[in-house]
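Asks: Give me the fold of what follows.
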Amino acid sequence: MKGKIVAKKKLASQIYDFTIHHPYISRHAKPGQFVVIRLSEQGERIPLTIAGTDGNSFRMVVKAVGKTTYQLCLLQEGNEIIDIVGPLGKPSEIRDYGNVLLVGGGVGIATLMPIAKALKSFRNTVIAVLGGRSKEQVIMLDEFKKIVDEVVVTTDDGSLGIKGVVTDAVGELSSRYKFDQAWAVGPTVMMKFCSMKAKELKIPLLVSLNPIMVDGTGMCGACRVTVGDEIKFACVDGPEFDGTKVDWDELLKRLSQYREEEKVSMELFQKKVGDLSWL
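Replies: Take a look at the predicted model:
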């Protein structure tokens, strides 16, 4: 089913906030779920997390990292996405936990927005750690400050908040709070180290996995991951899993298996469209 772009806003270099008109998805989507989109008849299918809903529209935050996400970020308000399937995946389990820690990195921060809102509706105390390479890459900071009880920012270069990585902040916060549940969403390496930290601190942790997907229904098997010595499919069994049980080394290896093909595809695309450094 098609969806029209009704709003588009640049959040940071190569990161865009889209509002998509799609009554069915906006009516049925729950925190933690995602959509699979396709931009052309010959195009690849990619999963993107639903970052919220409003009326007949839903929100998704996209970072241009490969050919399809660059193509998407080049679209403008009024353009249509020819295929959108969703909502897919199991929703986040939202209830009264007590003290909840949310750790977001890069565009993973957007995934946590609907989860944070839902957790606050159950009167949890929610603490968020938002990380990025620099100040510019820490997106949606003002939005989180309006929703959660405390926000801690980390940046690799020290341009905002704590100079360091998100696990540095998690260690400091765990000395002040006893966390009953945590989520970590962001780059795979970040989630791996958050999982190691959570295991060390004995904090229950959920991560949202976003591996290669094709159909989004469990039929193709492309998104298989190993969790606690069991084979799972991120599209139907997830996307959220116990981070302390994920085989991160296997997942990282699988994510890199088409790197050369992706590089060639992107180079051909850049030759066609020209310089994209402004995006």
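
Asks: buried residues in stretch 87-98?
Replies: By 16 or more other C-beta atoms under 10 Å, the buried positions in stretch 87-98 come out as 87-89, 92, 94, 97. Every C-beta, even on glycine, is put in place using the N, C-alpha and C of the backbone.

Asks: Show me the strands in the stretch 51-200 of the chain, by range?
Replies: Taking DSSP state E, counting those that start in this stretch as the criterion, the stretch 51-200 of the chain carries its strands at 52-54, 57-63, 80-81, 83-88, 99-105, 125-132, 150-155, 162-163, 181-185.

Asks: just for this protein, where's the confidence low?
Replies: The chain contains residues with pLDDT under 70 at 212, 214-218, 258.

Asks: State which strand of it is the longest.
Replies: strand 3-12 (DSSP state E).

Asks: For it, give me every contacting residue.
Replies: Contacts with strand 3-12, where a contact means C-beta atoms under 8 Å, 6 or more residues apart in numbering, come from 16-22, 25, 57, 61, 75-81, 84, 136-137, 139-140.

Asks: Put the alpha carbons of stretch 188-197 into PDB.
Replies: Output of stretch 188-197 as PDB, limited to C-alpha atoms (Å, rounded to 0.1, in the frame of the first residue of the first chain):
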ATOM      1  CA  THR A 188      24.900  -2.900  16.600                       C
ATOM      2  CA  VAL A 189      28.300  -2.400  18.200                       C
ATOM      3  CA  MET A 190      26.700   0.000  20.700                       C
ATOM      4  CA  MET A 191      24.000  -2.500  21.600                       C
ATOM      5  CA  LYS A 192      26.600  -5.200  22.000                       C
ATOM      6  CA  PHE A 193      28.500  -3.200  24.600                       C
ATOM      7  CA  CYS A 194      25.300  -2.000  26.300                       C
ATOM      8  CA  SER A 195      24.400  -5.700  26.700                       C
ATOM      9  CA  MET A 196      27.800  -6.500  28.200                       C
ATOM     10  CA  LYS A 197      27.300  -3.600  30.600                       C
END
